[in-house]
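S.K.: Fold the stuff below for me.
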Amino acid sequence: MIAARRLPPTTRLHARGRSLLELMVALIIGMIILGAVLLTSISGNSSGRRQDGIAVLNEDAQIAANLMGGHLRVAGYSRVITSPSPTIEFRNYGGPGVRGCDGVIADDNVTMATMACPNGAAANGPDTIMVAYEGNAFNTFPTAAAPGTPTDCLGTALPPNREIPSESPAADDPYWLVENIFYVNADNELVCSGNGNRGVQQALIGNVVDMQVTYGVADVPTAAAIAAGTAPEAPFFEAARYMTAQQIDQLAPFPATAAPVLRGRWNRVVSVRVCLVL
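M.R.: I've put the predicted structure just below:
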């Protein structure tokens, strides 16, 4: 006959499973740890995306500054045709280097002379600026075909011009006038439209919310001094104040007897400030 053997209390204790309370505590601890890991991962991804977005905006802003700055640095440039005296020069292009509007123009198929600015509420939006200068193989990217034709901001070949100032004694060879218009379209894109193919636009960068432009205007002699013959032949090439496009259009005109460089309101612009909001 075999007698039954009773296990000691300690042995019975080791044979027991986990209690429901222990499982719940372990589950809660695991969820806390997992939540912390997920939160850290999500935060890191969000921060990374934000940094990537800022980097893209900075890069776009730099591209826009380089593109527009390159055109603005040569605004108003033109070769000298003849120089009959030390104080008078005749050039192919004698118009203003820049002209702008407060607000986006309705039609970009315009010239510097026919540029019409919006009125009312439309003038409160992003600004428009046109830049004009004589193009050549050094300040534009000429076409590949020899000898190479100067191009506008979209790389389109320019038509030849023959604009002879009335003061010029003789005609000169044809030249190429660049007229580039920069503005922000309805899709929040900074676009350029050139005179190589007027009315055709191309986006330069995206995510542009606003563009505001102010112009450094030089002081010039008064009309009375010009009429009396006591004014210098050229204005002071230093910005006395910064104005909006509408303020420049409201400046008093100078008489026709003034030197050519003094006649137009926009000829007084010697510097430009462009503020882009991305």
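S.K.: what's the closest non-adjacent residue to Asp219?
M.R.: Spatial nearest neighbour of Asp219, chain neighbours left out: Ala240 (4.3 Å); criterion: Cβ to Cβ, 6 or more residues apart in numbering. C-beta coordinates here come from the backbone N, C-alpha and C atoms, glycine included.
S.K.: Just give the nearest non-adjacent residue to Ala245, would you?
M.R.: Leaving aside its sequence neighbours, Ala245 sits nearest to Gly100 (Cβ to Cβ, 6+ apart; 3.9 Å).
S.K.: do the same with Ala203
M.R.: Glu189 (4.0 Å).
S.K.: OK, contacts around that neighbour?
M.R.: Contact partners of Glu189, counting by Cβ atoms under 8 Å, 6 or more residues apart in numbering, are 203-206, 208.
S.K.: Could I get those in TSV, plus columns for secondary structure and distance to Leu57?
M.R.: Formatted as TSV, those follow (DSSP: H, G, I helix; E, B strand; the rest coil; distance: Cβ to Cβ, whole Å):
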residue	secondary structure	distance to Leu57
Ala203	strand	15
Leu204	strand	14
Ile205	strand	9
Gly206	coil	10
Val208	coil	10
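S.K.: what sits up against stretch 245-253?
M.R.: 99-102, 117, 123, 127, 213, 215, 217, 223, 263, 265-266, 268-269.
S.K.: Show me which of the residues you listed is closest to Ser19.
M.R.: Lowest distance from Ser19 to the contacts of stretch 245-253 (Cβ to Cβ) belongs to Asp127, with 73.9 Å.
S.K.: Run a quick neighbour tally on that closest one.
M.R.: Other residues lying near Asp127 total 24 when counted by other Cβ atoms under 10 Å.
S.K.: picking that back up, residues touching the residue nearest to Asp219, list them.
M.R.: 216-219.
S.K.: and the gap between it and Val213?
M.R.: 18 Å (Cβ to Cβ, to the nearest Å).
S.K.: The stretch 151-278 of the chain: strands as residue ranges?
M.R.: For the stretch 151-278 of the chain, the strands defined by DSSP state E, counting those that start in this stretch occupy 160-161, 175-184, 190-193, 201-205, 210-218, 239-243, 269-277.
S.K.: Quick check: which of those is nearest to Leu39?
M.R.: Leu39 lies closest to strand 269-277 among those, at 33.1 Å (Cβ to Cβ).
S.K.: mean confidence for that closest one?
M.R.: The pLDDT scores in strand 269-277 average 93.
S.K.: check which helix or strand covers Gly100.
M.R.: For Gly100, the host element (DSSP states H and E) is strand 98-101.
S.K.: and the nearest residue to Asn136 once chain neighbours are set aside, what are its phi and psi?
M.R.: The shortest distance from Asn136 to any non-neighbouring residue, by Cβ to Cβ, 6+ apart, is to Pro150 (5.7 Å). As for Pro150, its main-chain torsions (degrees, to the nearest 10) stand at phi -60, psi 150.
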